[in-house]
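> no sequence for this one, just the structure:
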C-alpha cells in the first residue's frame, strides 16, 4: 500500500512543528487529519498550510477542532476515520528547553543515556516516553517511535508558516526574531563565561523542515517494519552552535543589528548540549540537511513577511 | 486551632486504606469529606465506618460520590467545603506490588534511595511524587508529605472493615484469607529458592491501622510545621517477613490449614524488601505498633465475619 492510501492523525497539527510536518506529509502523498484545540495555535496556520500545498493536496487534509483529553472528541474522530498511524504533537509547552537529557555527562547525547528532566515540561516528556513503553509492553502489536527533538528553529522556505509564540518568547530564535522586527528592544544572553568557544551556551539547533522530514522517515519506518517495539531517536544536527554564533548568523541573514545584553547564567542551564545522530541516520535513513545559515534565512523570511506572526499588527 | 475544627478531604476514602484512615481521623476529632467514584470500592464500606465510629462522629463525615478526574465534581466539592488538608488515596491499583523501590541495592530502603518502578502502577506512583515536587517548587506555600507504603495488611480490630479486592486477589494476605474461607483452593508461593531464611521472598508487611495512624501523624506534622516543602516518609515496620512465615502465622491465628503450592519465581520479583523507618520515627514521631500475629488475627476476624467481603454470598 503506497503512502497515498494511508491516513495519519496529527495531534496538535496547527502548531509550529505540526504545520511543517503536515505540509511534508501531504507532499509525500499521505491523507492527514488534524486534531487541535487551538489553545496555543490559530486556525490561520491551517489556512496557510492549505495555501502552501495547493487545492488538490488540501482535499486530503481534514481539520478537527477538539481536545485530546476529551473522550467524546476522540470518539467522534475515530468513528469518522480509520487511521494508519498517529503523530502526537499536542501539548502545552511551558519552558525554554524541550530537550530532556538535562546537563549531560558527555556530549553528544546518545539515545541510551539516562534521561534527566530539568523542569516540569521536560518531566512530562519523560513520563510520556515511559507510558509509551508500558503501552507497547502491554500490547506488543503497537509500534512506537519516540522522537527526541533538540532545538527546532527556522520556518518553511515560503515564509508562509513559522513559529508564533504567544507573549514574550521563551526560546532564542523567536526572541531574536522579535528583536529584529522591533517588537522587543534587545536580547538577553544568559551566561558569557561558560567553558565554550565564546563563553555563551551551546545548543543543537535543527531546521524545522529537517525535523518534519524526520517525522516522515519515522512514519515510513513504522509502515515498512514488521514490529519495531518502542524505540527512541534523536532528531538533531549533531553539531553545537553558541548563542553568540546564532546572533551573528541571524544578523547576517537579516541585515539587522541585534542588540544584546550579557546577563548572568540562569540556574539549571546546561553548558553545551548536542545530539548523537548516528542511530537516526542508520535506522531511519534520515539526516539533517540544513545549517544555521538556512535556519536564519528562513526564520527571517517568515519574520519579515509576518512580523506579528499569524495576526495582523494588533 | 484544634483538630476538631479542621476538615480533611480524603480521596478514595471508601477503599481499604481510606476507610481505616477515615476512622482514625474521625476518632482524632477531624471533620472528614470523602470523594470516591466507587470504581473499586462499595458504599457499604462507608456505612460500616459510620457504624464503627457511632452516630455522633458520623455527623462529621460527608461522603461525595464523584470522580477526581471530573472538573465539575471537584468544583462542586470545593465550593461546598473549605479543606485544611487533603489525603490522596484515589487510584486504580493494578498489580501485586505497590512499593516503588524496585529490587533495592541495599536493604532496608532509605527514603533517599533512587526510586525504580518495576511496573506501570509503580510508575504512576513515581510520576505522582515528581509532579507533587514540581507543584511544591512552583508554589512554595504548599506543604506536601509523600507516604511510601510497604505492604498493608490486617484490618480494623472490630472486623467491620477490611480489604475487599474484586476478582482473584493480587496480594498475599487477601489470597491467604480467601483460601482460609474456602473461596480459593490453595496458595501459590512464587519462589522457594531465594537466598532468604526459608527460600521464600521477604516483604515488609504493615498493619493497616498502623498505616492509618501514620497518616494522622503526617497530617499533624502538616499543621504543626511552618512550611515543610515536599518530603517523603516510608511507612513500614522495618522488619521483613517471608511468605512461608506469614502463612504459618495466619494458620496459627485462624486455626485453618492453608494448602500451598511451591511455584517458580516470577520475573521481576525482588528477593527481600523492607523499610528504613528511622526518618518517620524521628520526624513524624510515628512507629508501627503491630506485629504479624496481630495482622493475622485482625485479618482473620474480618475474613471470618465477612467471607465474601462487603457483599453477602453471591
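The structure has been received and is ready for your questions. Because the structure is predicted, anything quoted here is derived from the model rather than measured.

> got the residues of the stretch 51-200 of chain A near chain B?
A:120, A:123, A:127, A:130-131, A:134, A:138 (C-beta under 8 Å from any C-beta of the partner chain). C-betas here are computed from N, CA, C, even on glycine.

> Tell me the most packed of those residues, by neighbour count.
Highest neighbour count within these: residue A:123, with 19 neighbours (other C-beta atoms under 10 Å in any protein chain shown).

> angle of the strand or helix carrying it against helix B:120-138?
Under the criterion of DSSP states H and E, residue A:123 resides in helix A:120-138. Orientation of helix A:120-138 against helix B:120-138 (axes from the mean of the first three to the mean of the last three C-alpha atoms, to 10 degrees) gives an angle of 180 degrees.

> how many other residues sit next to the closest residue to residue A:123 other than its chain neighbours?
The shortest distance from residue A:123 to any residue other than its chain neighbours is 4.1 Å, reached at residue A:117 (C-beta to C-beta, 6 or more residues apart in numbering or on different chains). Residues lying near residue A:117 (other C-beta under 10 Å) number 19.

> so residue A:117 makes contact with residue A:125?
Yes. Look at residue A:117 against residue A:125 with C-beta atoms under 8 Å: they come within range, at 7.1 Å.

> hey, what's in contact with both of those two?
Contact criterion C-beta atoms under 8 Å, 6 or more residues apart in numbering or on different chains; residues shared by residue A:117 and residue A:125: residue A:100.

> returning to that earlier point: so which elements touch the helix holding residue A:123?
Applying 3 or more C-beta pairs under 8 Å, 6 or more residues apart in numbering or on different chains; DSSP states H and E, one finds that helix A:120-138 makes contact with strand A:144-149, strand A:230-235, helix B:120-138.

> what's the closest of these to residue B:155?
Of all the helices and strands packed on helix A:120-138, helix B:120-138 sits nearest to residue B:155, with 22.6 Å by C-beta to C-beta.

> so what's residue A:150 up against?
For residue A:150, counting by C-beta under 8 Å, 6+ apart, the contacting residues are A:99, A:203-206, A:234-237, A:273-275.

> Just the closest of these to chain B, please.
Ranked by distance to chain B (C-beta to the nearest C-beta), the contacts of residue A:150 are led by residue A:99 at 17.7 Å.

> Not counting sequence-adjacent ones, nearest residue to residue A:147?
residue A:235 (5.3 Å).

> List the contacts of that neighbour.
Residue A:235 touches A:147-150, A:206, A:210-211, A:214, A:275, A:280, A:286, A:288, counting by C-beta under 8 Å, 6+ apart.

> and which of those residues is nearest chain B?
Using C-beta to the nearest C-beta, the contacts of residue A:235 come closest to chain B at residue A:148, 18.9 Å.

> For the closest one, grab the count of nearby residues.
Neighbours of residue A:148 using other C-beta under 10 Å come to 20.

> give me every residue that touches residue A:127.
B:127, B:130 are the contacts of residue A:127 under C-beta under 8 Å, 6+ apart.

> So which residues of chain A form helices?
Per DSSP state H, chain A carries helices over the ranges A:16-27, A:43-58, A:71-80, A:120-138, A:172-180, A:208-224, A:243-254, A:278-284, A:292-305.
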